[in-house]
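In: sequence unknown, structure follows:
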């Protein structure tokens, strides 16, 4: 939010400076025309700065996403090993996402919660979460968290196990 205020302030300063420069320019000759032109260019540049920053941020985000998705394979790797790598990364992403969701739901730190999922990969076109095993601190114990996890993952509630760990150990 501070960046927005800073941008608006900079835009106002640039517009004010352009107005003052235009007003102070002498009326006779071509100079006033050039002063107006340069002032308008300066204001346009100030207007375009957020677009430049947004494009740079998007380009950086796309580059980060592409590097995260990059799977290193040797020339001799088969298609099945690439699928296995994708499934392993998917499993890891699901576990990390569920850990963050569960920690937010319980109101504890993300480091205190661990989640392990088992994926049913019998049909490569429809991989589903078969079971969820979670560990969370006992002081955050909540009734119905198993059902909530089942709803989040789409697996049967009977296949969700939450182990409440005592912090006294």
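Out: On my side now, so go ahead. Bear in mind the structure is a predicted one, so any value in this text is a computation, not a measurement.
In: bridging residues for the residue nearest to residue 112 when sequence neighbours are not counted?
Out: Spatial nearest neighbour of residue 112, chain neighbours left out: residue 137 (5.1 Å); criterion: C-beta to C-beta, 6 or more residues apart in numbering. Every residue, glycine included, has its C-beta placed from N, CA and C. Residues in a beta bridge with residue 137, per DSSP bridges, are residue 165.
In: so residue 137 makes contact with residue 164?
Out: Yes - in this structure residue 137 lies within contact range of residue 164 using C-beta atoms under 8 Å: 7.3 Å.
In: quick one: secondary structure of the residue located most distally from the centre of the chain?
Out: Distance from the C-alpha centroid of the chain peaks at residue 28, with 56.1 Å (C-alpha atoms, centre = their mean). Assigned with DSSP: H, G, I helix; E, B strand; the rest coil, residue 28 falls in the coil class.
In: what's it sitting at in phi/psi?
Out: Residue 28 adopts backbone torsions of phi -80, psi 150, taken as degrees, to the nearest 10.
In: how close does it get to residue 37?
Out: 17 Å (C-beta to C-beta, to the nearest Å).
In: and for residue 137 and residue 164, which residues touch both?
Out: Any residue near both residue 137 and residue 164 by C-beta atoms under 8 Å, 6 or more residues apart in numbering counts here, and not one turns up.
In: give me the most central residue, the chain.
Out: residue 61 (8.7 Å).
In: what about that one, helix or strand, and which?
Out: Assigned by DSSP states H and E, residue 61 belongs to helix 31-69.
In: report all helices and strands that that helix contacts.
Out: Packing partners of helix 31-69 (3 or more C-beta pairs under 8 Å, 6 or more residues apart in numbering; DSSP states H and E): helix 2-24.
In: from the chain's centroid, how far away is the helix it packs on?
Out: 32 Å (C-alpha atoms, centre = their mean, to the nearest Å).
In: what residues sit buried inside that helix?
Out: Neighbour-count burial for helix 2-24 flags 14, 18 (criterion: 16 or more other C-beta atoms under 10 Å).
In: show the average pLDDT along it.
Out: Throughout helix 2-24, pLDDT has a mean value of 86.
In: noted, bye for now.
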